[in-house]
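# Provide a 3D model corresponding to the input given below.
(one chain, ligands or ions: 1)
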Amino acid sequence: MSKTYTTIGSVRGCCGHKHRTIEAAVDCIKRDQSGCRSQGGYSDREVRYAGGAELRESDWEYVHYLHYSR
Ligand SMILES: [Zn+2]
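Reported below is the predicted structural model:
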């Protein structure tokens, strides 16, 4: 079963991508964050399954791992 991922936030909206991996989705958030930071803000995007469903617990843990390990 192949899932795709997107990133979405109530302020920043959806990135509009379909990322094939969690790693790519986290990289997308990090790019958005550095763009926001240069304007004095921050990104409120988070990783979701494409379609908008929230991540399973195990996937969340992986997202957090990627955020703090790279
Ligand atoms: Zn994206």
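# Name the helix or strand for the spatially most central residue of the chain, please.
Geometric centre of the chain, nearest residue: residue 47, 3.4 Å, by Cα atoms, centre = their mean. Here residue 47, judged by DSSP states H and E, is contained in strand 46-49.
# Show me what that strand is packed up against.
On a contact count with 3 or more Cβ pairs under 8 Å, 6 or more residues apart in numbering; DSSP states H and E, strand 46-49 meets strand 5-9, helix 22-37, helix 57-69. From N, CA and C alone the C-beta is placed, and that goes for glycine too.
# Quick check: which of these is buried the most?
strand 5-9 (a mean of 20; mean count of other Cβ atoms under 10 Å).
# Also compute the angle for that strand relative to helix 57-69, please.
70 degrees (axes from the mean of the first three to the mean of the last three Cα atoms, to 10 degrees).
# Residues touching strand 5-9, excluding its own?
14-22, 24-25, 28-29, 32, 43-50, 52 (Cβ atoms under 8 Å, 6 or more residues apart in numbering).
# Only C-alpha atoms, please: export the lowest-mean-pLDDT helix or strand in the chain in CSV.
Between all helices and strands in the chain, the lowest mean by mean pLDDT, DSSP states H and E belongs to helix 57-69, at a mean of 93. C-alpha atoms of helix 57-69 as CSV (Å, rounded to 0.1, in the frame of the first residue of the first chain):
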residue,chain,number,x,y,z
GLU,A,57,1.2,7.5,16.2
SER,A,58,4.2,5.6,14.8
ASP,A,59,4.4,8.0,11.8
TRP,A,60,4.2,11.0,14.2
GLU,A,61,7.2,9.6,16.1
TYR,A,62,9.1,9.3,12.9
VAL,A,63,8.3,12.9,12.0
HIS,A,64,9.5,14.1,15.4
TYR,A,65,12.7,12.1,15.0
LEU,A,66,13.3,13.7,11.6
HIS,A,67,12.7,17.2,12.9
TYR,A,68,15.3,16.8,15.6
SER,A,69,17.9,14.6,14.0
